[in-house]
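**Student:** Just a sequence and a predicted model for now, questions to come.
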Amino acid sequence: DGGITQSPKYLFRKEGQNVTLSCEQNLNHDAMYWYRQDPGQGLRLIYYSQIVNDFQKGDIAEGYSVSREKKESFPLTVTSAQKNPTAFYLCASSIGGGARTGELFFGEGSRLTVL
Amino acid sequence: KNQVEQSPQSLIILEGKNCTLQCNYTVSPFSNLRWYKQDTGRGPVSLTIMTFSENTKSNGRYTATLDADTKQSSLHITASQLSDSASYICVVRPLNYGGSQGNLIFGKGTKLSVKP
């Protein structure tokens, strides 16, 4: 079945460690996104990529890094510079970042907890 | 500042009853407005997408309405089921100066609990 796969589902990290969250899609979508969700807040955009080998910062990119070496993959690294990394992270994709009514498809999320 | 406000924050209803969730936005101009359903611990799933020229759109027991003049949208759920228990998120895509698409602006969501 086509869809977006995020892994791991749950991740624990010690302070000062970098962690990488995986996001893979087989929908043949050009655009991919990373969002962060905190309790009582709307989703906030971390990074997005509209095409392979290109990505842009979202609203809260500090302390995060991404790569887009393949169309299917858009991993997110949470670095030690991120001051409050405990959150629910959601990866999404769409046919094209500029599509007027481009529907956004989300993965099942990764919950990161810093110990 | 572009904002999306949802009400109520949470809602409890009995199975079989109808309910309406509200979304007010200050995003202008905008390209489209979306409603998503998010089960606890899962990713959001799209329910409806409406452009600024559409007034209503249905998806089974879910009906979304849009009033672009008052900048309000509502999501009406008919004959609720236990599986409707979830958070419902209103999302607006701004239209930037020059006509390009802006990044999506998410509301905080309404948490709906359907009780037997």
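**Tutor:** Perfect, I can see it now. Numbers count the residues shown, from 1 in each chain, chains lettered A, B, ... in the order given.
**Student:** residues of stretch B:58-76 that come out buried?
**Tutor:** B:62-66, B:68, B:71, B:73-75 (16 or more other CB atoms under 10 Å in any protein chain shown). (Each C-beta comes from the backbone N, C-alpha and C, glycine too.)
**Student:** Can you report how many residues lie near residue B:57?
**Tutor:** 17 (other CB atoms under 10 Å in any protein chain shown).
**Student:** That one reaches residue B:48, doesn't it?
**Tutor:** Yes. Here residue B:57 lies in contact with residue B:48, judged by CB atoms under 8 Å, at a distance of 4.5 Å.
**Student:** Report the set of residues contacting both of those two.
**Tutor:** residue B:64 (CB atoms under 8 Å, 6 or more residues apart in numbering or on different chains).
**Student:** Let me know the secondary structure of the residue most central in space within chain A.
**Tutor:** For chain A, the residue nearest the mean C-alpha position is residue A:34 (2.6 Å; CA atoms, centre = their mean). Three-state call for residue A:34 (DSSP: H, G, I helix; E, B strand; the rest coil): strand.
**Student:** sorry, back to before: identify the farthest-apart pair in the buried residues of stretch B:58-76.
**Tutor:** Using CB to CB, the two most remote members of those are B:62 and B:71, lying 20.8 Å apart.
**Student:** Could you export stretch A:87-97 as PDB, CA atoms only?
**Tutor:** Taking C-alpha atoms only, stretch A:87-97 is exported to PDB below (Å, rounded to 0.1, in the frame of the first residue of the first chain):
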ATOM      1  CA  ALA A  87       7.500  16.500  21.200                       C
ATOM      2  CA  PHE A  88       5.500  14.500  18.600                       C
ATOM      3  CA  TYR A  89       7.100  14.800  15.200                       C
ATOM      4  CA  LEU A  90       5.000  14.400  12.000                       C
ATOM      5  CA  CYS A  91       6.300  13.900   8.500                       C
ATOM      6  CA  ALA A  92       4.000  14.700   5.500                       C
ATOM      7  CA  SER A  93       4.100  14.800   1.800                       C
ATOM      8  CA  SER A  94       2.100  16.300  -1.100                       C
ATOM      9  CA  ILE A  95       2.100  16.000  -4.900                       C
ATOM     10  CA  GLY A  96       3.600  19.400  -5.300                       C
ATOM     11  CA  GLY A  97       4.500  22.100  -2.800                       C
END
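**Student:** Could I get the buried residue list for it?
**Tutor:** A:87-95, A:97.
**Student:** picking that back up, narrow the buried residues of stretch B:58-76 to those in helices?
**Tutor:** Within those, no residue falls in helices by DSSP state H.
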